[in-house]
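> Predicted model, plus sequence, below.
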Amino acid sequence: MRKYVFVVALLLGVFAALAGCEKTPTPNERLADYVKAWEQEKFAEMYQSYVSASTKKTYAKKEVADRYKKVYGDLNVSDLNVSYKPLDKDAYKNKEKVTVPVKISFQTSAGKVAYKDKVALVKEKRDKKENWYVDWKPDLILPHLAKGDTIKVSEQNAVRGEILDRNGKALAQNGSVYQIGVIPEQLKGDKQADMQKAADLLGMPADEIKQKLDEDWVQPHLFVPLKKVPMEKKDLVKKVTSIPGFSSQTVDARVYPYGKAAAHLTGYIGAITGEELKKLEKRGYTAESVIGKRGLEQLYDQKLRGRAGEKIYIEKQDGSTYTVAEQKVKNGENIKVTIDAELQKKIYNQMKGDAGTAAAIQPKTGDVLALVSTPAFDPNDFISGMSSSAYTKLEKDPGKPLINRFALTYAPGSTIKPVTAAIALDTGTTTAAATKTITGTSWQKSAGWGSYKVTRVHANNSPENMEKALVLSDNIFFAQTALDIGADKFAKGLKGFGFGEDVPFAYPLKASQISSTGKFSSDIQLADTGYGQGQMQMNILHLAISYTPFLNSGDELKPNLLAGEKTKVWKHAASSKTTRRFPACSARLLRILPARRTLPISPGRSLREKRAPLN
């Protein structure tokens, strides 16, 4: 028994001796661990486990760990890298303190910061163990930072670029509006009645005014903003500001001079949402960013928004400053488009709010002159601050003013007949002089069609050639022509005009379709497609450019949106034989169907979204 006790005692002695000989980490190893924690932004661990006793005596945790966290967060620090050359063994052998030169670099919201510094490590004994600890100093956070200094950031917002039409008229511009507000201490008499009166004039719930007045920052003497009002509504401003406590200021704002007429085209701007920020954060957007929400404002947001200027600097105790990083402001670019704003307005007014869409192009260049969707909303209302009740009213409007119809597709109806005619000529199915004799106002290929018949408006019982069929807009003539062409040749001809493809246009549009499958499932569907029904769907701009082959030697032009774009061909020889074999019809098409130059189409029963438009 005494033997076993002796062996155990001996083993314990060996373990104690080994523990006493535990290897002390080198300064290189300690600095490596410290840098790893630093690059992983484990600031609390850095302070707790790696800084020297003298550091902790001089700087509290909040001055090191907490400050690191706040500074790195506020400055959007990323890509931190700390590099150094490890010390030779002789450099720290028998030393109580060493200094290691380091290179520090990282990205901030104001640009890259890169500088050289020195990290001092001291040997200390804690809990009977020796180790190396960092003798920390503030300039390891930012260069030239010292105890008592203040880190400051100054920002300069970029001026958003304007959207101009082909003639230089503003579709979206930077202007001024009235900011209506209330000063709480100036409210007199029956406050509730006055707030209700103001709310009615401003088109907002009285409860919303009360909510704004109840916000934490509000003081009796402060101006509380309620709603922005366009400059032209001076009478409204006068009425509201005549109510005790209510007043106005002039503030900068985005303005849309053509309002509803160009609403779906221009879109509007608004504060970035959390969901949008997740997608755009890497492109320089922040929680304070204002971005395009629809239309051209969204499509060209990167160019329009520019880049805000920002300077990160240190203010010393003596009032002097040191600039850490600076990014100069870059104002946004102006975007000039091919649109003719006055024509856009004219077409919108002609449609008188009926649900529909229209496009106008310059058929020899492909320049898009107008893209109209009715009814519409006023983008200025979104800038002014639309209430939830006002937006709900738009959503529930039976006219669906929030739908961008020119980005969607509809059954083209009779406007497709010239295309059917061109395919018939190109395939050699018929000639310009060939005639059909059709009697009555209804027709079917055979009894196999059951009760279904193709109908037409005018009963023309005499021989009818293609030109006359176009003049009379004869559904039966073009139904028969489609059947004569045949399913395969007709589908191939339509694809030659761009059916089934995205139109090569900057603004995303739903692609036109021959049918849901791209083929014809029956003779009835083929016949109906010949006059623009069946399952055929077209977006309004594609329909407009489908007429360009008749004026450009059979070539279908690419539509242009930006002013100055060169004329390009989208589909070579979309209708190669038409201008040779049917020159009279080609020259007369736009005269026969003058309204087709604007191409208004009311929404049909077959409205379907394929991909989300810019809305």
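Perfect, thanks for sending it. Bear in mind that the values here come from a model prediction, so they are computed numbers and not experimental data.
> can you give me the helices in the stretch 301-450 of the chain?
301-305, 341-351, 379-384, 388-396, 417-426 (DSSP state H, counting those that start in this stretch).
> Identify the residues contacting the host helix or strand of K197?
Here K197, judged by DSSP states H and E, is contained in helix 191-202. Residues from elsewhere that reach helix 191-202 (Cβ atoms under 8 Å, 6 or more residues apart in numbering): 180, 182, 187-188, 205-206, 208-210, 226-227, 229, 236, 239-240, 243-246. C-beta here means a position set from N, CA and C on the backbone, and glycine is covered the same way.
> re the thing from before, most packed of the helices of the stretch 301-450 of the chain?
A comparison of the helices of the stretch 301-450 of the chain by mean neighbour count, using mean count of other Cβ atoms under 10 Å, puts helix 417-426 on top with a mean of 26.
> Point out the other helices and strands that that helix packs with.
helix 466-472, helix 475-485, helix 487-496, helix 578-581, helix 583-592 (3 or more Cβ pairs under 8 Å, 6 or more residues apart in numbering; DSSP states H and E).
> run the last query once more with 7 Å
helix 466-472, helix 475-485, helix 487-496, helix 578-581 (3 or more Cβ pairs under 7 Å, 6 or more residues apart in numbering; DSSP states H and E).
> what angle separates that helix from helix 487-496?
On the basis of axes from the mean of the first three to the mean of the last three Cα atoms, to 10 degrees, helix 417-426 is oriented at 120 degrees to helix 487-496.
> the inter-axis angle of helix 417-426 versus helix 475-485?
Using the same axes, to 10 degrees: helix 417-426 against helix 475-485 is 30 degrees.
> Can I get helix 417-426 as PDB, trimmed to CA atoms?
Presented in PDB, the C-alpha positions along helix 417-426 are these (Å, rounded to 0.1, in the frame of the first residue of the first chain):
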ATOM      1  CA  LYS A 417     -54.100  42.600 -90.100                       C
ATOM      2  CA  PRO A 418     -51.300  44.400 -92.100                       C
ATOM      3  CA  VAL A 419     -48.800  42.000 -90.500                       C
ATOM      4  CA  THR A 420     -51.000  39.000 -91.600                       C
ATOM      5  CA  ALA A 421     -51.100  40.500 -95.100                       C
ATOM      6  CA  ALA A 422     -47.300  40.900 -95.200                       C
ATOM      7  CA  ILE A 423     -46.800  37.300 -94.200                       C
ATOM      8  CA  ALA A 424     -49.200  36.100 -96.800                       C
ATOM      9  CA  LEU A 425     -47.300  38.000 -99.500                       C
ATOM     10  CA  ASP A 426     -43.900  37.000 -98.200                       C
END
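> quick one: average pLDDT of it?
The pLDDT scores in helix 417-426 average 95.
> what's the answer for stretch 190-198, then?
Here the average pLDDT along stretch 190-198 is 94.
> before we move on, back to that, right, and the helices and strands packed on helix 417-426 - which one's nearest S446?
helix 475-485 (10.9 Å; Cβ to Cβ).
> And that closest one, what does it pack against?
helix 417-426, strand 454-455, helix 523-529.
> mind putting these in JSON lines, distance to Y72 included?
Below are the helices and strands packed on helix 475-485 laid out as JSON lines (distance: least, Cβ to Cβ, whole Å):
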{"stretch": "helix 417-426", "distance to Y72": "62"}
{"stretch": "strand 454-455", "distance to Y72": "72"}
{"stretch": "helix 523-529", "distance to Y72": "63"}
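> G319: which of these is closest?
Comparing these by Cβ to Cβ, helix 417-426 comes nearest, at 75.7 Å.
> that older thread, any idea which of the helices of the stretch 301-450 of the chain gets closest to T529?
Checked against Cβ to Cβ, the stretch from those lying closest is helix 417-426, at 8.2 Å.
> chain center to that closest one: distance?
39 Å (Cα atoms, centre = their mean, to the nearest Å).
> Start the count at 31 instead of 1 going forward.
In the new count, where the first residue is 31, that last one comes out as helix 447-456.
> Sitting in helices, which of the contacts of helix 221-232 do you find?
A236, E238, I239, K240, L266, K269, V270 (DSSP state H).
> returning to that earlier point: okay, the helices of the stretch 331-480 of the chain in JSON lines with distance to K148 next?
JSON lines is the format used below for the helices of the stretch 331-480 of the chain (distance: least, Cβ to Cβ, whole Å):
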{"stretch": "helix 331-335", "distance to K148": "41"}
{"stretch": "helix 371-381", "distance to K148": "63"}
{"stretch": "helix 409-414", "distance to K148": "53"}
{"stretch": "helix 418-426", "distance to K148": "58"}
{"stretch": "helix 447-456", "distance to K148": "77"}
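> on that earlier part again, K159 is nearest to which of the helices and strands packed on helix 505-515?
helix 553-559 (87.0 Å).
> So which residues make contact with that closest one?
Helix 553-559 has contacts (Cβ atoms under 7 Å, 6 or more residues apart in numbering) with 475, 479, 482, 484, 509, 512-513, 517, 520, 544-545, 550, 564-566.
> Now the buried members of those.
Buried by 16 or more other Cβ atoms under 10 Å: 475, 484, 509, 512-513, 517, 520, 544-545, 550, 564-566, out of the contacts of helix 553-559.
> what two of those have the greatest distance between them?
Every pair of the buried ones among the contacts of helix 553-559 checked by Cβ to Cβ; the farthest is K475 and I544, at 19.6 Å.
> Quick one: neighbours of I134, just the number.
Residues near I134, counting by other Cβ atoms under 10 Å, number 22.
> my bad, should have said F436
23.
> Let me see the contact set for it.
Applying Cβ under 7 Å, 6+ apart, the residues contacting F436 are H294, T387, A389, L401, V402, S403, I570, L571.
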